[in-house]
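1. fold the following.
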Amino acid sequence: MLVAAAVCPCPPLLVPEVAAGAAHELDPARAACADALGVLAASRPDLLIVTGPAGPAERGLYPAGSPGTFAAFGVDLAVRLGDPAAGSSAPDRPLPASLAVGAWLLARARWSGAPVEGLGVEEPLSADRCAEAGRELALRADRVALLVMGDGSACRTVKAPGYLDERAVDFDAAAFRALGAADPAALGALDEELARELRVAGRAPWQVLAGAARGTGLAGRLLYEDAPYGVGYAVAAWS
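-> Down below sits the predicted model:
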């Protein structure tokens, strides 16, 4: 059963070594992520699952200790999913960038609680399939927590990666309200096609969360909301 969730953005720029001289610009987001991870730790889960967007070759489950790297972003920095010692028996399949950022957040928070696993979710996965995946995750242990990595629209300004789309602000506002209110129904109802047009990296992972949280009665708090670099970022905690 799902007992807690933290929702965090997943840009590699969240890692200061990647952001370099611009690292301070995301300090508020990092602080909010740390607070959200504190909620996960306080829930005392039996299993923590990190889920985030992944490419076609990156989808699926990642065991504890799976390796990640930020070499593709020009930084010689490696991470492991959860306990680094678990990597001795883990396959060498590298984490997608979103899960690598999640692994970095956990290492930064000195996570020492429950075992950690990962799930890469491909963007085109339908809302129904996302919900089904979430329900399956919630049954993995008596007390399951989720660290959900994902960004809002990348079309918030003319300098955004997807340029400006005037629909982006309203989409992100609705999604972030649902995240802050811990509203699985509203998350599950997010428009898949519109999310794709607006380059929303978090839609599928958020709908996985929606499936896992149905019927749990968790309460939510929105800890951070902004759109630096023209991309919508939100941090929320459910418990």
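
2. CA atoms only for the longest helix along the chain, dumped as CSV, please.
-> Scanning the chain for the helix with the most residues, using DSSP state H, yields helix 27-42. Output in CSV follows, covering the C-alpha atoms of helix 27-42 (Å, rounded to 0.1, in the frame of the first residue of the first chain):
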residue,chain,number,x,y,z
ASP,A,27,18.5,26.3,-4.8
PRO,A,28,14.8,26.8,-3.8
ALA,A,29,13.9,23.7,-5.8
ARG,A,30,16.6,21.6,-4.1
ALA,A,31,15.5,22.8,-0.7
ALA,A,32,11.9,21.8,-1.4
CYS,A,33,13.1,18.4,-2.7
ALA,A,34,15.0,17.8,0.5
ASP,A,35,11.8,18.6,2.5
ALA,A,36,9.7,16.2,0.4
LEU,A,37,12.3,13.4,0.9
GLY,A,38,12.0,14.1,4.6
VAL,A,39,8.3,13.2,4.3
LEU,A,40,9.3,9.9,2.7
ALA,A,41,11.8,9.0,5.4
ALA,A,42,9.2,9.9,8.1
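
3. without its sequence neighbours, what residue ends up closest to the residue nearest to the spatial centre of the chain?
-> Residue closest to the average C-alpha location in the chain (CA atoms, centre = their mean): M149, at 0.8 Å. Spatial nearest neighbour of M149, chain neighbours left out: G52 (3.2 Å); criterion: CB to CB, 6 or more residues apart in numbering. The way it works is simple: take the backbone N, C-alpha and C, and place the C-beta from them, glycine included.

4. which strand or helix spans that neighbour?
-> strand 47-54 (DSSP states H and E).
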